[in-house]
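Participant: Sequence first, predicted coordinates after that:
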Amino acid sequence: MILQFHSVSKSYGSNLALDQFSATLEPGIYALLGPNGSGKTTLMNILTDNLKADSGEITYTDNAQRTENVLRMGVRFREKIGFMPQYPGLYPNFTVEHFMWYMAALKGIKKDDARKQIAQILDAVELSDIPMRKLGALSGGMKQRLTLAQAVLGDPEILILDEPTAGLDPKQRIAIRNYISKIALNKIVLIATHVVSDVEFIARSIIMLKKGVIVDNAPPNALVKKIEGQVWIVPCAEHELLTMQDRYRVINIARDEQTSEVLLRVLSDAAPTNRARAAAPTLEDYYLQIFGEAAGT
């Protein structure tokens, strides 16, 4: 199966949210990476038919090699999708189990299949111990995991996840990341996030969006190679810190416990000082190079 975006554009008044977005997705995990306002959520809402594009089209080729325009498929395409929105609307008086059964009914899943899937999925997202708790009493992290659970229900061919680990603690982030990797072998999974660590080691390709424009699209290791020799660890005295921040792009500050010096992680084409030592680059380094100060928004 293949999902293709062909020059998709969308504006809100004078604000161009998506500008000629084109990409080809096959089974595997793809990350839409960019700061808030880069167009990630707009793209996902267009794909799920919650928003109309101004121009362009999206096509889907199934395993029988039939290609159709997604927006003309209507419900036939929506049946193939599992969607986890960033800000879900949950019914506060539903229990966790009731909500999952409700979603199973909406998706047309047979009762025996639904019973098996609900038990397995709630266990995978660590909600199996609170099936009768009302949604209004859930923490933000629990609601996030429940929203992922309903997206996975029905074994969709295409899984669309908008900020899937927002509000989760480190242990839960790892568990959810591993779960997504496990179920993504025969699915197209599109994850929108600005948390680089969520996708660095699981994504087949990273699509970097900046103000609605694709600025890069490549596997994580290929992106990291682009800044080899440009990341440095630079020791400096504390009184030199502001000068170094003015002169270079400092992306992390730590302290050497043995010498009490400040250790700066710096992006620079050449060694910033004669004491600088080269560091192995990461995807986060590349992300910060591309997005600069906007990366933290």
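Facilitator: Now that the structure is in, tell me what you want to look at.
Participant: Only C-alpha atoms from now on, for both contacts and neighbour counts.
Facilitator: Will do.
Participant: Tell me the predicted confidence for residue 292.
Facilitator: Predicted confidence (pLDDT) for residue 292: 79.
Participant: where's it relative to residue 184, distance?
Facilitator: Relative to residue 184, residue 292 is positioned 31 Å away (C-alpha to C-alpha, to the nearest Å).
Participant: can you check residue 6 too?
Facilitator: For residue 6, the distance to residue 184 under the criterion C-alpha to C-alpha works out to 24 Å.
Participant: try residue 259
Facilitator: In this structure, residue 259 and residue 184 are 46 Å apart, going by C-alpha to C-alpha.
Participant: Now residue 12: phi and psi?
Facilitator: phi -120, psi 100 (degrees, to the nearest 10).
Participant: mind checking pLDDT for it?
Facilitator: Predicted confidence (pLDDT) at residue 12: the value is 93.
Participant: Could you pull up the residues touching it?
Facilitator: Residues counted as contacts of residue 12 (C-alpha atoms under 8 Å, 6 or more residues apart in numbering): none.
Participant: Specify the beta-bridge partners of it.
Facilitator: Residues in a beta bridge with residue 12, per DSSP bridges, are residue 15.
Participant: Pull the number of nearby residues for residue 178.
Facilitator: 15 (other C-alpha atoms under 10 Å).
Participant: Keeping just the C-alphas, turn whatever helix or strand it lives in into PDB.
Facilitator: In this structure, residue 178 sits in helix 170-183 according to DSSP states H and E. The C-alpha atoms that make up helix 170-183 are tabulated as PDB, following Å, rounded to 0.1, in the frame of the first residue of the first chain:
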ATOM      1  CA  PRO A 170       9.500   8.900  30.600                       C
ATOM      2  CA  LYS A 171       8.500   5.300  31.400                       C
ATOM      3  CA  GLN A 172       5.200   5.700  29.600                       C
ATOM      4  CA  ARG A 173       6.800   7.400  26.700                       C
ATOM      5  CA  ILE A 174       9.200   4.500  26.100                       C
ATOM      6  CA  ALA A 175       6.300   2.000  26.500                       C
ATOM      7  CA  ILE A 176       4.100   3.800  24.000                       C
ATOM      8  CA  ARG A 177       7.100   4.300  21.600                       C
ATOM      9  CA  ASN A 178       7.800   0.500  21.700                       C
ATOM     10  CA  TYR A 179       4.200  -0.300  21.200                       C
ATOM     11  CA  ILE A 180       3.900   1.900  18.200                       C
ATOM     12  CA  SER A 181       7.000   0.300  16.700                       C
ATOM     13  CA  LYS A 182       5.600  -3.200  17.300                       C
ATOM     14  CA  ILE A 183       2.300  -2.600  15.500                       C
END
